[in-house]
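Peer 1: pasting the sequence and the predicted coordinates here, then a few questions.
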Amino acid sequence: MSATLRVGGLVPLTTLDYPGLLACVLFCQGCAWRCRYCHNPELIAPRGVEEIGWDDILAFLRRRQGLLQGVVFSGGEATLQNALPDAMASVREMGFRAGLHSAGIRPESFARALPHADWVGFDVKGLAEDMDAITGVKRSGLANWRSLELLLESGVAHECRMTVHWQLFDLDKLRRLALRLRAMGVDNFVVQLARSGRQLDPELIATPAPYGTAELWRELNLLFTTFELRDA
């Protein structure tokens, strides 16, 4: 099954995508959502214009054994591919830790990948009632938050992060979302500030942060065990 994993891109070295480890990132092809701020729209289609064969990926990883510590499966949405669990198992057999970036688009597929993950960067898109306007897909919020429940039940190491574009969020929504995450038991929370320019929806424009943002960051820093601001 792993031979069929469709990979649309590769970052050979990162210190950012798997906290604490030197890793590479595999950008798996395909996504069922259409997040308006998406900055990798070329990965949305089930098949990409340029894909990297799995055999080539394995050859790359063999050359990096002893140098890299982790392999991150990102996207797109990696869990939509049936080949993902076997691919994750393969890299673990090679001595790498398997990281997963996911929004849990389909909870049943996300659940199949979880036993093969050493760490998950989970993308919370928004409060469930707000998510359809972000993803362009009805009932996406139910799937996103159900997958988060599965992650928390699994005990797999993780961080929760969300991408914030100030045309789509305000401070109240972000505060309520953070409080809900903390009540569920989330310890590590990251806010990623959306990039301007290259994104799926051209109607999203650069929007300044609202007044009071610095105070909210201070609140979140006290609320969570670890809180971090990043560029998406």
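Peer 2: Happy to help now that I have it.

Peer 1: from here on, contacts and neighbour counts on C-alpha atoms
Peer 2: OK.

Peer 1: show me where this protein has its helices.
Peer 2: In the chain, the helices defined using DSSP state H lie at 54-64, 84-93, 107-113, 132-135, 140-154, 171-184, 213-223.

Peer 1: who does the longest one touch, helix- and strand-wise?
Peer 2: Where contact means 3 or more CA pairs under 8 Å, 6 or more residues apart in numbering; DSSP states H and E, helix 140-154 is packed against helix 107-113.

Peer 1: for the helix it packs on, packing partners?
Peer 2: By 3+ CA pairs under 8 Å, 6+ apart, helix 107-113 packs against helix 84-93, helix 140-154.

Peer 1: burial measure for Gly185, as a count.
Peer 2: 11 (other CA atoms under 10 Å).

Peer 1: so who does it touch?
Peer 2: By CA atoms under 8 Å, 6 or more residues apart in numbering, the residues touching Gly185 are Leu152.

Peer 1: phi, psi of it?
Peer 2: Dihedral pair for Gly185: phi 110, psi 10, per degrees, to the nearest 10.

Peer 1: what lies in contact with stretch 5-20?
Peer 2: For stretch 5-20, contacts defined as CA under 8 Å, 6+ apart pick out 21-29, 43, 47-48, 50-54, 68, 70, 72, 81, 83-84, 87, 99, 119.

Peer 1: just the buried residues out of these, in ChimeraX syntax.
Peer 2: Restricted to buried positions by 16 or more other CA atoms under 10 Å, the ChimeraX selection for the contacts of stretch 5-20 reads:
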select :22,23,24,25,26,27,28,29,43,48,51,52,54,68,70,72,81,83,84,87,99,119
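
Peer 1: for Thr14, which non-adjacent residue is spatially closest?
Peer 2: Excluding the flanking residues, the one nearest Thr14 by CA to CA, 6 or more residues apart in numbering is Ala23, at 5.3 Å.

Peer 1: any figure for the gap between Phe96 and Ala89?
Peer 2: To Ala89, Phe96 is 10 Å away according to CA to CA, to the nearest Å.

Peer 1: now, which of the contacts of stretch 5-20 lie within strands?
Peer 2: Ala23, Cys24, Val25, Leu26, Phe27, Cys28, Gly70, Val72, Gly99, Trp119 (DSSP state E).

Peer 1: what about the fifth one, distance to Ile134?
Peer 2: Okay, so that is Phe27. Computed with CA to CA, the distance linking Phe27 and Ile134 is 21 Å.

Peer 1: before we move on, what about the fourth one?
Peer 2: With distances defined as CA to CA, the gap from Leu26 to Ile134 amounts to 25 Å.

Peer 1: what of the third one?
Peer 2: For Val25, the distance to Ile134 equals 25 Å [CA to CA].
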